[in-house]
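Novice: I would like the atomic coordinates for the input below:
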Amino acid sequence: MMLQTQVRRAFLRTLPTAGKAIHPIRYARRSFSHVTPEHKGGVVVGFYEKESGSIDIKFTPAGSLLDQFTNGHVSHSIALSGKRGKLGDSVVLFASHPDFPRIAVVGLGKEAEANKHGVGEAVRSASGSGAKILRANGARTIAVDCSHQQPLAAAEGASLGLFKFDQLKKRDKNEDSTPVKLLPFTAGDGTADPQHQWHTGTVMAEAQNIARTLAELPANLMTPSIFVDRAKELMDSLQGKSKGSIEVAVRDSAWMRARRMGCLLGVAQGSKEEPKFLELHYKHPDASSEAPLVLVGKGVTFDSGGISIKPSSHMGMMKGDMSGAASVVAAVHALASMSAPVHVIALTPLTENMPGGGATRPGDVLVASNGTSVEVDNTDAEGRLILADALVYAQEFKPHTIVDVATLTGAIDVALGTAAMGAFTPDDALWYEMEAASKQSGERAWRMPLLPEYRKQINSKVADIINSTPTRSAGACTAATFLKEFVHMDRWIHLDIAGVMHSSEDSGYVTKGMTGRPVRTLINLALQRAE
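Specialist: Down below sits the predicted model:
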């Protein structure tokens, strides 16, 4: 009885006081039910996959304490379930103790392989699964295990896993629409305070969810004009809160004509929607470099293919062809939210690609803002056209690095599928930085070649360059080579995210729909520079 009392006291020291939900749970002295009225609380804890021949269950420190607090009921339930702790395993317990109405015990896989597929990826996946399970079972305050010393990944996984795009649906009167509150949960054993990392992970995940929302909205509710309005609202909400300066500039078609952005205007002329060019500037007074990091995002708010029209099957998915623009806007918003000591600029050319009476035709020649003439062989290869003018403009800011993000080619999906985004750069050092940033986020990138042979494939008989090749050979590589013609600096990297734009699976922290990738990778890349 004395041991049980000691365990209870130790555990209760980990729980939150009312009104201080943002703080780690270990500081409070009240029971869980005090902050989760009507027993709407839940806790997620982890356990590792058993080694071959082992009969013992290995918990995280928080899971071990919870098992003691329930007199072994957690471990007994796992044993009865037959689950071994593999990544994706889960066991849900109800009413195991008055203070814990719901417990989700989630598998973390083999402890030695926790970072095999990206730093914190196992924790991210398990936290997302646990949070989704508890919400589905009525929990509205969820404490997430951070005793594994990866609170940033836990916050990301739980926040990303709970994302739902349902704002256009009618509300069920009987449905509990109370937002879920997430809290960090430790074993109260004197280990590092997770609050800072938890907060950072939450901001990064919320930024990715912003990008997902922008990409999910249908094209009639996400025109170029609406996109810039949303972006302005996001950045305006940080005025006076961020320690850095924030500037937003919205350019119209007259500005584009003055700058002779013939490729961007050529794509836009088939739509009745006016094109826009959005600039976001964020600069912290302690930024490590005067030269900015420039993020360029493709912003085709709907891509019908133009005169080279796409098949009707799955054309509705092309509402997400502005995912690059959504990603760079969300990344800058997150960096400003956390007052990161960086100087970053986001540039997003925004337009529809439609087959209207004024649309660019196959065979037409457009002239980019740097004077390069471009033969348009395929109007459905429009992303590289609008990025050409944006990349020329980006170099005027004398950046230390340019990253462009685009749902550019179906060919990258053929090459890499949904497992990784394609990365193209002539600079080895920049690739290593991007690789590290993507491993940190779990949003894997794979370096693709930029060989001189690809340049020959985009030669034109009537212009300086052609926007598409007559064959399907090396489609992603020739598209990246096209962009390279408009960049005259080595520290440039092109991310083709067409294969990872959308997920058809629902597992771990991934949910079906637009993914919002690679927002967290872009944030990590910027923060690496700050360090």
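Novice: rest of the way, CA atoms for contacts and neighbours
Specialist: Fine.
Novice: hang on, residue 310 packs against residue 304?
Specialist: Yes: between residue 310 and residue 304 there is a contact under C-alpha atoms under 8 Å: 5.9 Å.
Novice: anything in contact with each of the two?
Specialist: Common contacts of residue 310 and residue 304 (C-alpha atoms under 8 Å, 6 or more residues apart in numbering): residue 380.
Novice: can you pick out the residue with more neighbours from these two?
Specialist: residue 304 (21 against 14; other C-alpha atoms under 10 Å).
Novice: I'd assumed residue 349 was in a strand, is it?
Specialist: Yes: secondary structure of residue 349 (DSSP: H, G, I helix; E, B strand; the rest coil): part of a strand.
Novice: can you pull the contacts of it?
Specialist: Listed by C-alpha under 8 Å, 6+ apart, the contact partners of residue 349 are 264, 275-278, 297-300, 325, 386-387, 390.
Novice: which other residues reach the helix of greatest length in the chain?
Specialist: In the chain, assigned by DSSP state H, the helix with the most residues is helix 195-216. Residues outside helix 195-216 that contact it (C-alpha under 8 Å, 6+ apart) are 22-24, 151-157, 159-160, 163, 165, 184, 222, 227, 319-323, 326-327, 329-331, 333-334, 337-338, 513-520, 523.
Novice: go through these and flag which are in strands.
Specialist: If you go by DSSP state E, the contacts of helix 195-216 have 184, 513, 514 in strands.
Novice: tell me what the second one is bridged to.
Specialist: The reference is to residue 513. residue 503 (DSSP bridges).
Novice: quick one: it from residue 111, how far?
Specialist: 30 Å (C-alpha to C-alpha, to the nearest Å).
Novice: mind picking out the helix or strand in this structure with the poorest mean pLDDT?
Specialist: helix 2-12 (a mean of 42; mean pLDDT, DSSP states H and E).
Novice: for stretch 412-431, the distance to its chain's centre please.
Specialist: Once both centres are worked out by C-alpha atoms, centre = their mean, to the nearest Å, stretch 412-431 turns out to sit 16 Å from its chain's centre.
Novice: go through it and flag the buried ones.
Specialist: 412-413, 415, 418, 420-426, 430-431 (16 or more other C-alpha atoms under 10 Å).
Novice: among those residues, which lie within helices?
Specialist: Reading helices off those with DSSP H, I get 412, 413, 415, 430, 431.
Novice: relative to residue 496, which of these is nearest.
Specialist: Nearest to residue 496 among these is residue 412, at 6.9 Å by C-alpha to C-alpha.
Novice: excluding residues flanking it in the chain, which one is nearest the closest one?
Specialist: In space, and not counting its chain neighbours, residue 412 is closest to residue 476: 5.4 Å by C-alpha to C-alpha, 6 or more residues apart in numbering.
Novice: burial count for the one you found?
Specialist: Residue 476: 24 neighbours (other C-alpha under 10 Å).
Novice: residue 132 now?
Specialist: 24.
Novice: can you check the one 10 residues further on too?
Specialist: Using other C-alpha under 10 Å, residue 142 has 27 neighbouring residues.
Novice: what's the helix or strand containing it packed up against?
Specialist: Counting by DSSP states H and E, the element that carries residue 142 is strand 141-145. Contacts defined by 3 or more C-alpha pairs under 8 Å, 6 or more residues apart in numbering; DSSP states H and E place strand 141-145 against strand 41-48, helix 121-136, helix 151-161, strand 181-185.
Novice: can you do 7 Å?
Specialist: Judged by 3 or more C-alpha pairs under 7 Å, 6 or more residues apart in numbering; DSSP states H and E, strand 141-145 is in contact with strand 41-48, strand 181-185.
Novice: give me the below-cutoff pLDDT ranges for the chain.
Specialist: Where the chain drops to pLDDT under 70, the residues are 1-39, 53-54, 188-192.
Novice: distance of the closest residue to residue 491 other than its chain neighbours from residue 370?
Specialist: Distances taken as C-alpha to C-alpha, 6+ apart put residue 401 closest to residue 491, at 5.0 Å, once the chain neighbours are dropped. Remark: distance between residue 401 and residue 370 (C-alpha to C-alpha) = 19 Å.
Novice: out of these two, which sits in the busier spot?
Specialist: residue 401 (19 against 16).
Novice: surely the more buried one and residue 294 touch.
Specialist: Yes: counting by C-alpha atoms under 7 Å, residue 401 touches residue 294, with 6.3 Å between them.
Novice: endpoints of stretch 420-430, how far apart?
Specialist: Start and end residues of stretch 420-430 are separated by 18 Å (C-alpha to C-alpha).
Novice: residues contacting it, please?
Specialist: 412, 431, 444-450, 480, 490-497, 499-500 (C-alpha atoms under 7 Å, 6 or more residues apart in numbering).
Novice: tell me the angle the strand holding residue 142 makes with strand 181-185.
Specialist: Here strand 141-145 runs at an angle of 30 degrees relative to strand 181-185 (axes from the mean of the first three to the mean of the last three C-alpha atoms, to 10 degrees).
Novice: may I have the beta-bridge partners of residue 105?
Specialist: residue 45, residue 91.
Novice: which residues are in contact with it?
Specialist: 44, 45, 46, 47, 90, 91, 92.
Novice: quick check: the farthest pair among these?
Specialist: Top of the distance list for the contacts of residue 105 (C-alpha to C-alpha): 47 and 92, 12.9 Å.
Novice: neighbour count for the two, which is higher?
Specialist: Just comparing residue 47 and residue 92: by other C-alpha under 10 Å the higher neighbour count belongs to residue 47, 29 against 18.
Novice: which residue is the nearest non-sequential neighbour of the more buried one?
Specialist: residue 59 (4.1 Å).
Novice: so how far is residue 410 from residue 451?
Specialist: Taking C-alpha to C-alpha, one finds residue 451 at 20 Å from residue 410.
Novice: which one's more surrounded, these two?
Specialist: Remark: of residue 451 and residue 410, residue 410 carries more neighbours, 15 against 11, as counted by other C-alpha under 10 Å.
Novice: is it true that the more buried one touches residue 498?
Specialist: Yes: applying C-alpha under 7 Å, one finds residue 410 in contact with residue 498, separated by 6.4 Å.
Novice: picking up where we left off before, what's the closest of the contacts of residue 105 to residue 470?
Specialist: residue 90 (50.3 Å).
Novice: can you get me a residue count around that closest one?
Specialist: With other C-alpha under 10 Å as criterion, residue 90 counts 24.
Novice: now do the one 5 residues further on
Specialist: The burial count assigned to residue 95 is 11, neighbours taken as other C-alpha under 10 Å.
Novice: surely it and residue 102 touch.
Specialist: Yes: counting by C-alpha under 7 Å, residue 95 touches residue 102, with 6.4 Å between them.
Novice: residue 248 bridge partners, please.
Specialist: For residue 248, the residues forming beta bridges with it (DSSP bridges) are residue 280.
Novice: ok, now which ones touch it?
Specialist: 232, 279, 280, 281.
Novice: which of the residues you listed ranks first by neighbour count?
Specialist: Busiest of the contacts of residue 248 [other C-alpha under 10 Å] is residue 280, holding 23 neighbours.
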